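Asks: Structural data only, the sequence is not supplied:
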Ligand SMILES: CC(C)(COP(=O)(O)OP(=O)(O)OC[C@H]1O[C@@H](n2cnc3c(N)ncnc32)[C@H](O)[C@@H]1OP(=O)(O)O)[C@@H](O)C(=O)NCCC(=O)NCCSC(=O)C[C@@](O)(CC(=O)O)C(=O)O
Ligand SMILES: [Mg+2]
């Protein structure tokens, strides 16, 4: 089962003090970035810094992810070859397409063999940020079990579409829903694009609420101050947990009476509603008190 990734915090790979603190923020994953956040003349020093950070620092409970440069560049190949030897938990592949993900998989196969790592231990998250990537997302996601999820890159996607990025995000709505469908169809995670105004908490909250409503399983972040809001919005509320627990208890009673459908607080409950209740408890990290198949 894939690890929980409600919050994935980008940290520029050329910033030693930010990297030093990576483990204390409480993000589910930290993404040490060698791509967009690092200028061309700092690419080599950032690669060394991230490698040394992975080898020496304590990242606490946070997953260690590295965003490499695109794999159709010499820099990207160098990043993956070098960084994988510091045993990151996952690689975030930018501008993902079928070719880059297949190449990443075969390079990781070789590196894991050479380093005596377990086969498949370094996971892949595909960063979907081109119109091509959106259209091919369901193919990309199926390439390997290593690919545990896809992350939407809203800034690059709107650049590729030749449109402006807006607060409401109408221009990325199709991309968002398309990625959610692809991920859910193949039982993978789907992580929403970062909200880039770090001082607009209300905007972050409503953007995160929209992502939850659409089916995203987590959100990328660019600042530690965004973590609490995202964790809160991506976790079921007390009210939702109570509803799920009560529905599943009522189901036990209904089942004993041989009923496949029953009424709870005046509303019909059948298999999909029971599934939703189970999912709510799963998201909250709670054990189900009821066992067995639904209906
Ligand atoms: C935004 C801002 C400049 C604001 O600075 P500010 O100075 O106003 O922040 P403050 O809140 O005042 O900082 C208070 C304290 O937190 C520390 N602190 C801040 N941020 C921290 C952090 N991330 N990690 C650890 N520590 C951090 C800071 O050092 C300070 O520490 P201290 O001095 O000790 O008190 C800063 O956050 C930042 O650089 N963020 C990362 C930006 C980045 O990675 N972008 C690339 C990835 S996105 C991307 O690429 C989009 C996309 O992937 C997808 C697509 O396509 O759409 C693409 O491709 O485009
Ligand atoms: Mg990008």
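Replies: Here it is on my side, so go on. Model, not experiment: these values are computed from the prediction. Ligands and ions are numbered 1, 2, ... in the order given.
Asks: Any idea how many residues pack against residue 155?
Replies: 14 (other CB atoms under 10 Å). (C-beta placed from N, C-alpha, C; glycine too.)
Asks: how close does it sit to ligand 2?
Replies: 6 Å (CB to the ion, to the nearest Å).
Asks: what do you get for residue 260?
Replies: 48 Å.
Asks: repeat for residue 255
Replies: Here residue 255 is placed at a distance of 49 Å from ligand 2 (CB to the ion).
Asks: which SSE is that residue in?
Replies: Residue 255 belongs to helix 238-256 when assigned by DSSP states H and E.
Asks: and if you look at residue 31?
Replies: Secondary structure (DSSP H and E) places residue 31 in strand 29-33.
Asks: Can you see whether that strand contacts ligand 1, counting any residue in it?
Replies: Yes - applying CB under 6 Å from any ligand atom, one finds strand 29-33 in contact with ligand 1 at residue 33.
Asks: so what strands line up beside that strand?
Replies: Paired strands of strand 29-33, with direction, are strand 7-12 (parallel), strand 63-67 (parallel) (DSSP bridges).
Asks: Including mean pLDDT, could those strands go into JSON lines?
Replies: Below are the strands paired with strand 29-33 laid out as JSON lines (pLDDT from 0 to 100):
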{"stretch": "strand 7-12", "mean pLDDT": "98"}
{"stretch": "strand 63-67", "mean pLDDT": "98"}
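Asks: Could you dump the ones you listed into a markdown table with mean neighbour count and distance to residue 262 added?
Replies: Listed next are those as a markdown table, based on neighbours: other CB atoms under 10 Å; distance: least, CB to CB, whole Å:
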| stretch | mean neighbour count | distance to residue 262 |
| --- | --- | --- |
| strand 7-12 | 25 | 37 |
| strand 63-67 | 23 | 41 |
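Asks: just so I know, which of the ones you listed lies nearest ligand 1?
Replies: In terms of CB to the nearest ligand atom, the element of these nearest to ligand 1 is strand 7-12, at 3.7 Å.
Asks: In the record's domain split, what are the boundaries for this structure?
Replies: Domain ranges of the chain: 7-234, 238-284, per the TED database.
Asks: from these, which stretch is densest packed?
Replies: Each of the domains of the chain was given a mean neighbour count from mean count of other CB atoms under 10 Å, and the largest, a mean of 19, is that of domain 7-234.
Asks: quick one, phi/psi of the residue located most distally from the centre of the chain?
Replies: In the chain, residue 257 marks the outermost C-alpha relative to the chain mean, sitting 41.6 Å out by CA atoms, centre = their mean. Dihedral pair for residue 257: phi -90, psi 0, per degrees, to the nearest 10.
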